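Q: below is the structure, and that's it, no one-letter string:
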């Protein structure tokens with residue numbers, strides 16, 4: 001049943017992400033371990049309208065993630081929010097997410113992070129509470145790619161964190 005749910009969401013997500021109006025709440029986070037560079041690269045994709053609403057509710061009603069109106073302060077709030085909501089442990093130890101940048105693609109915000117100095121990946125624990133406090137039906141899909149495997153997690157308000165073991 002769990003695999004059916006994952007397959008269903010993975011099939012539906014690209015179709016629904018292209019529409020400008022949506023009735024479900026989902027984000028995707030692609031996590032890739034690049035062994036040769038000893039880094040974990042992270043790309044989080046969130047509907048711009050949803051993350052903007054969360055930032056306006058939490059911090060300031062004037063926040064805008066429109067690339068023509070956005071200020072440094074708006075970007076600072078975006079980074080602050082994401083770093084509060086996404087926590088990662090590698091091999092049992094908390095790690096620092098380094099903000100790399102962001103870009104907007106139609107109605108999707110893509111935010112880039114990196115974790116440095118990861119010489120070996122035995123386990124990874126990911127907590128993703130992005131937008132869960134705003135939308136009770138929010139789901140955060142995690143796709144993890146290593147040189148040896150690909151795995152996925154679906155996180156929600158009842159299960160906001162998951163762990164993958166590579167031993």
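A: Everything's here; your move. Treat the numbers as computed from the prediction; the structure is a model and nothing was measured.
Q: where in the protein is pLDDT low?
A: Screening the chain residue by residue with the criterion pLDDT under 70, one finds the ranges 1-23.
Q: could you pull out the strands for it?
A: Secondary structure of the chain, counting by DSSP state E: strands at 26-34, 39-47, 86-90, 93-94, 98-105, 108-115, 123-128, 139-145, 150-156, 161-165.
Q: dump those into TSV; add mean neighbour count and distance to residue 72 as well.
A: Every residue, glycine included, has its C-beta placed from N, CA and C. As requested, the strands of the chain are exported to TSV (neighbours: other C-beta atoms under 10 Å; distance: least, C-beta to C-beta, whole Å):
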stretch	mean neighbour count	distance to residue 72
strand 26-34	20	23
strand 39-47	20	20
strand 86-90	18	21
strand 93-94	9	27
strand 98-105	12	12
strand 108-115	19	15
strand 123-128	20	25
strand 139-145	20	27
strand 150-156	17	30
strand 161-165	14	31
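Q: so which of these comes closest to residue 69?
A: Put simply, out of the strands of the chain the one that sits nearest residue 69 is strand 98-105, at 11.6 Å, with distance taken as C-beta to C-beta.
Q: same list (the strands of the chain) but as TSV, adding distance to residue 60.
A: Shown next, in TSV, are the strands of the chain (distance: least, C-beta to C-beta, whole Å):
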stretch	distance to residue 60
strand 26-34	22
strand 39-47	18
strand 86-90	21
strand 93-94	29
strand 98-105	18
strand 108-115	17
strand 123-128	24
strand 139-145	24
strand 150-156	27
strand 161-165	29
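Q: now for the spatially closest residue to residue 98 that is not a sequence neighbour: which residues touch it?
A: What sits nearest to residue 98 in space, not counting adjacent residues and going by C-beta to C-beta, 6 or more residues apart in numbering, is residue 114, at 4.9 Å. Applying C-beta atoms under 8 Å, 6 or more residues apart in numbering, one finds that residue 114 lies in contact with 39-42, 97-98, 100.
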